[in-house]
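Mind folding the following:
(chains A and B)
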Amino acid sequence: MRERIAGGYDNFVLPFMIGMTFIFIYLFIALIRLFAHIPPKDRIKFFKSLVNPKILYMNCRDILMDCLLHVKIFKRNLLLGYMHASIAFGWFMLIVVGHIEMWLYVPQRNGLLYYPVFFRYFVKQEGDLTLKGAFFFFLMDFFLLMVLSGVGLAMYKRFRSTAMGMRRTTKPCFADRVALACLWSIFPLRLLAESFTAGIAGGSFLTKPMYWLFANFLSDDTHILPTWWAYSTALGLFFLALPFSRYMHIPTEAFLILLRNAGLKVTKPRKGFAEAEIYSCSSCGICIDACPMNIQKKNLPFSSVYFIRFLRRHNTRKINQISDKCLMCGKCVALCPVGIESCGIKRAQRGTLYNSIKHDYSYLAAAHHTPAGAPEILPDNITPAAMMGTATAVAAPATEKVLYFAGCMTHLTTSIIKNLTEIFESSGTEYVFADKDGGVCCGRPLILAGREDAAKEVIAKNTELIRSSGCKKVVLSCPICLKVLREEYNLKGIELVHHTQFINTLLSQGKIKVAKGAGSMVYHNPCELGRGCGIYREPLNVLEQLGELKRAAKEGKESICCGGSLGSLTLSYEDRGKITQGSLAALTVNNPERIVTACPLCLKTFSDKSDRPVVDIAQIVNENICSVR
Amino acid sequence: MGKFGFALSPSSRINLDTLDNVKFAHLIEIEPDVLKCMACGSCTASCTAGKFVKTSMRSAILALQNGRNEEAISLLKSCLLCGKCTMVCPRAINTRHLIISILKVYQ
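Purely as a prediction, here's the structure:
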């Protein structure tokens, strides 16, 4: 293998070089802008993470698994995963092997950006008998075939996306279409160019036969240069369109992984970390099928993918409209192959609109300092004196009792309270009822509405209440409260459990025993419990001991929101009803006798629309307790 | 002038000079549902904040209709947005967003 073109240059590399220079300058400026928008504290955190071996390992693993191999999409659908992985990994390997070839055979050209890309044009084989380089030729052809198969699948997906597990796909915008056309033509053109050159530069199982085939009717060597020009132009155009198209995710996604692993969070809806997330969106459209709102076709434009597109375009009206409408059920986040926390961006966006709304929660302090008002919200064993201030509150003696925090919603579905307190009694658990006569809201609804400042006051008040009880374990029957208590409260040393977990522990410890007489049922996984808190196994464990557990059409992290979510600010009653019906339809595919859920909000929402009984897990357990310890 | 035995009580009299219905018209524009309220009081009965301080969606809507904007704000600024009122409303009014809109329009 030696150089064929003296000087290692031909004019056809120009389009590629123009595109490449443009994209490098663009990325460099974008990177500086992004860093400027990240808060200084986070910036330090990021640079520190780069020297932390543990995070470094995580970075390498995530980039390989997510950016190149697309493992998350593989788990969803094999064909779809292969389509993404073949293009990403195949292309990456073409670049890597191209560089290796250059280093090995023409080391004098090291450092030329275009050389490995157009390697076959610049070199020629020495004699026909040598096998030198055959291995790399094979690799190059193999990976080219891999990419081509991916591109073929991508074309097929345009016409029949259902074959790849996608009912609906994203509508590409103009820049997307340009970039897509370039991307689809890059690799077939490369195959053509390399095939025409295979007689001179050699080839393997793909390019050599193509050369022989073309030799029959296109034996003229003058075909070589135009195809290389076309290949270079397609590449150059692709790079020029890249920043304005969805393919910007290629460079940004890897960077987002670094930022995320460093522990950065969204602070502003459009700048800093959020910007990295926005440009990492590959518009794959998995979130469109995921969104519970899309049971109605008219809601398709409110999917997360379009939300992010409008963010890129700074279309404030649309951004606000979508962020206010979103149910915040988190399904799009859970399924997103890039892991974009679009709900976090929406919350930050709501913050810009609603955080400044004035509020007056001074009554919270009064209610807790005045003994007259205090007993209303005080747990039974706490004296008003204990509530007089944090100093005395901290001194409250530690107790073995568990604190039961029902939450606002549970007070609308009193069956949960009744059944859970009965379970407490039959299991011999001593408990303190934190909000027997109604307590203070947990603050999650305020956070979901973007009113973080108001939420802080509520959180401070509740933290004080919980700490002053002296209990080391809090049982909550509302997953909405559980999520905010876990994430926003400072309750170190206090165990926070949902009642499904609590009942599961009681069963495994043998404190209550249940009979298997509940008949057939299906479990609805509430958004805030499953996706929000990661509690999937415990409720199923409990229910399996009670009766026949039937499967739903969508389970686990794909469970569909009940439609009652507090996350949405503007969704109408009718639209919510449609979501509820869709969710119920998915739950009842196997015709269970009852629907079991573990969230007061889901219970209330489903009860209004369901054709069969909907019960909370506490109720079904309590009904089937057969013997007390 | 004959006495009819009844009169307009001063508390519910609307002063047309001070009545600011421009803001109310704006509110209706963004929240047409406000007109659907039949003042049943379910929202007030279920209110979490109402446990501690007078908080009432029902009274706030009535106050706004009568031009008593300050009173409406004072009835709603204690709201914790827990959403119970929305869940119990028999007229399916999105009270949670209505409260946000009222606070935004009238603040």
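
Mind checking what helix or strand follows the lowest-mean-pLDDT helix or strand in chain A in sequence?
Least confident helix or strand, chain A: helix A:390-394 with a mean of 38, by mean pLDDT, DSSP states H and E. Proceeding N to C from helix A:390-394, the next assigned helix or strand is strand A:399-405, under DSSP states H and E.

contacting residues around the residue in the stretch 401-550 of chain A that chain B sits nearest to?
With Cβ to the nearest Cβ as the measure, residue A:441 is the residue of the stretch 401-550 of chain A nearest to chain B, at 3.9 Å. (C-beta placed from N, C-alpha, C; glycine too.) Residues counted as contacts of residue A:441 (Cβ atoms under 8 Å, 6 or more residues apart in numbering or on different chains) are A:408, A:458, B:48-49, B:80-82.

and the two most separated of those residues?
In these, two members sit farther apart than any others by Cβ to Cβ. They are A:408 and A:458, at 11.3 Å.

Show me whatever sits in contact with both of these two.
Common neighbours of residue A:408 and residue A:458 are listed as A:441-442, B:80 (criterion: Cβ under 8 Å, 6+ apart).

how far out from the middle of the chain is stretch A:278-285?
Centroid displacement of stretch A:278-285 relative to its chain, using Cα atoms, centre = their mean, to the nearest Å, is 11 Å.

quick one: average pLDDT of that stretch?
Per-residue confidence for stretch A:278-285 averages out to 93 on the pLDDT scale.

can you give me the end-to-end distance of that stretch?
14 Å (Cα to Cα, to the nearest Å).

residues touching the spatially most central residue of chain B, list them.
With the centre of chain B defined as its mean C-alpha position, the nearest residue by Cα atoms, centre = their mean is residue B:61, 1.6 Å away. Listed by Cβ under 8 Å, 6+ apart, the contact set of residue B:61 reads B:34, B:37, B:39, B:72.

Quick check: it is in a helix.
Yes: Residue B:61: assigned to a helix according to DSSP: H, G, I helix; E, B strand; the rest coil.

And it, how close does it get to residue B:104?
Taking Cβ to Cβ, to the nearest Å as the criterion, residue B:61 is separated from residue B:104 by 16 Å.

Ok, residue A:172 next?
Counting by Cβ to Cβ, the gap from residue A:172 to residue B:104 is 36 Å.

One more: residue A:205?
As for residue A:205, its distance to residue B:104 is 67 Å (criterion: Cβ to Cβ).

out of those two, which sits in the busier spot?
Set residue A:205 next to residue B:104 and count neighbours by other Cβ atoms under 10 Å in any protein chain shown: residue B:104 wins out with 15 against 12.

residues making contact with the longest helix seen in chain B?
Of all the segments assigned as helix in chain B under DSSP state H, the longest by residue count is helix B:95-106. Taking contacts as Cβ under 8 Å, 6+ apart, the residues outside helix B:95-106 that touch it are A:324, A:354, A:357-358, A:445, A:449, A:566, A:569-570, B:23, B:26-27, B:30-31, B:33-34, B:43, B:57, B:60, B:64, B:69, B:72-73, B:76-77, B:79, B:81, B:83, B:85-86, B:89.

can I get the contacts of residue B:61 in CSV with distance to chain A, pLDDT and secondary structure?
Compiled in CSV, the contacts of residue B:61 are given as follows (distance: Cβ to the nearest Cβ, whole Å; pLDDT from 0 to 100; DSSP: H, G, I helix; E, B strand; the rest coil):
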residue, distance to chain A, pLDDT, secondary structure
B:34, 14, 93, helix
B:37, 14, 94, coil
B:39, 19, 93, coil
B:72, 13, 93, helix
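
what's the most distant pair in the residues you listed?
Once Cβ to Cβ is applied, the contacts of residue B:61 give B:39 and B:72 as the farthest pair, at 13.6 Å.

more neighbours, these two?
Neighbour comparison, residue B:39 and residue B:72: the larger count goes to residue B:72, with 24 against 14 (by other Cβ under 10 Å).

domain ranges for chain A?
Structural domains annotated on chain A: A:52-251, A:265-354, A:367-505, A:511-628, as defined by automatic domain parsing.

Comparing those by mean pLDDT, which bottoms out?
Mean pLDDT per stretch puts domain A:367-505 lowest among those, at a mean of 81.

how about residue 18, phi and psi?
Here I'm looking at chain A. When read as degrees, to the nearest 10, the backbone of residue A:18 gives phi -60, psi -50.

nope, chain B please
Torsion angles, degrees, to the nearest 10, at residue B:18: phi -100, psi -10.

residues in contact with it?
Under the criterion of Cβ under 8 Å, 6+ apart, the contact list for residue B:18 reads residue B:67.

What parts of chain B come near chain A?
Chain B comes close to chain A at residues B:46, B:48-49, B:51-53, B:77-84, B:87-88, B:92, B:94, B:96-97, B:100, B:103-104, B:107, as judged by Cβ under 8 Å from any Cβ of the partner chain.

What remains of those residues if I keep only buried residues?
Applying 16 or more other Cβ atoms under 10 Å in any protein chain shown to the residues of chain B next to chain A, the neighbour count classes B:46, B:48-49, B:51-53, B:77-84, B:87-88, B:94, B:96-97, B:100, B:103 as buried.

Now go through those residues and say which are in strands.
Among these, no member falls in strands (criterion: DSSP state E).

from memory residue A:77 sits against residue A:162, does it?
No: using Cβ atoms under 8 Å, residue A:77 makes no contact with residue A:162, being 10.5 Å away.

In terms of packing, which of those two has more residues around it?
The residue with the greater number of neighbours, taking residue A:77 and residue A:162 and applying other Cβ under 10 Å, is residue A:77; the counts read 15 against 10.

ok, which stretches of the stretch 401-550 of chain A are strands?
Here the stretch 401-550 of chain A has its strands, by DSSP state E, counting those that start in this stretch, at A:431-433, A:471-476, A:495-498, A:512-514, A:520-523, A:548-550.
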